[in-house]
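Peer 1: okay, here's the prediction I keep looking at, along with the sequence it came from:
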Amino acid sequence: MVKLTRIYTKGGDKGETSLGSGARVAKHDRRVEAYGTVDEANATIGLARLHTKGKTDQMLERIQNDLFDLGADLCVPEEKRPGEDKRGKGKSSAGALRIDAAQTLRLEREIDAMNSHLAPLNSFILPGGSAASAYLHLARTVVRRAERVMTALAEAEAVNPEAVRYINRLSDHLFVLARWLNRKGKADLLWVPGANR
């Protein structure tokens with residue numbers, strides 16, 4: 001468990017920060033950008049949760065916790081994970097948290113359960129409808145940006161492949177959940193191509 005006794009350390013005053021491995025990098029480092037964008041997505045889901053309750057809220061709470069797991073995964077470079085060799089192979093020790101397949105599979109099960117009650121789409125959806133749906137669409141776009149940053153990072157450095165699968169599936173989940181909360185798609189706002197020409 002994390003214990004924070006001081007909020008400011010002055011360690012970043014010169015534009016650097018520490019990764020989970022202890023390495024110092026620029027605050028604009030691609031890895032920092034990746035887990036920072038995941039944090040932004042998490043905060044946006046927090047806004048959506050102001051308008052949810054019950055099982056939906058519990059689902060989003062689990063996702064927010066997963067996103068902290070994802071940030072922890074991304075902040076430790078793969079080659080620095082205890083118990084792994086320099087190619088990132090081998091099983092991590094308990095000290096290196098990483099996203100695993102069970103978390104992605106849970107998203108897939110939830111997507112399938114919700115989607116089975118939605119009518120097929122005949123057009124793209126305009127972000128909006130209920131307040132919760134509008135915020136989930138915003139969260140979805142931030143998650144997509146996190147995915148772009150993560151895949152760019154993965155071209156330069158080793159990234160847990162399951163982390164990339166998780167973030168990809170999460171954007172789908174948020175899209176389907178936004179539709180679900182728009183009265184199972186009945187209150188979706190549909191794009192009408194060229195409507196204002």
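Peer 2: That came through fine. Here the structure is a predicted model, which means the values were calculated and not measured.

Peer 1: got the buried residues for stretch 154-173?
Peer 2: 154, 158-160, 162-171, 173 (16 or more other CB atoms under 10 Å). Any C-beta I mention is one placed from the backbone N, CA and C, and that applies to glycine too.

Peer 1: the top helix by length along the chain: how far from the chain's middle?
Peer 2: Assignment by DSSP state H gives helix 131-156 as the longest helix of the chain. From the chain centre to the centre of helix 131-156 is a distance of 7 Å (CA atoms, centre = their mean, to the nearest Å).

Peer 1: could you pull up the mean pLDDT of that helix?
Peer 2: Mean per-residue pLDDT for helix 131-156: 96.

Peer 1: elements contacting that helix?
Peer 2: helix 30-49, helix 54-74, helix 161-181 (3 or more CB pairs under 8 Å, 6 or more residues apart in numbering; DSSP states H and E).

Peer 1: tabulate the ones you listed (CSV), appending distance to residue 116 and mean pLDDT.
Peer 2: Conversion of the helices and strands packed on helix 131-156 to CSV gives the following (distance: least, CB to CB, whole Å; pLDDT from 0 to 100):
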stretch, distance to residue 116, mean pLDDT
helix 30-49, 22, 93
helix 54-74, 15, 96
helix 161-181, 10, 96
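
Peer 1: ok, residue 177 touching residue 114?
Peer 2: Yes. Taking contacts as CB atoms under 8 Å, residue 177 lies within contact range of residue 114: 6.4 Å.
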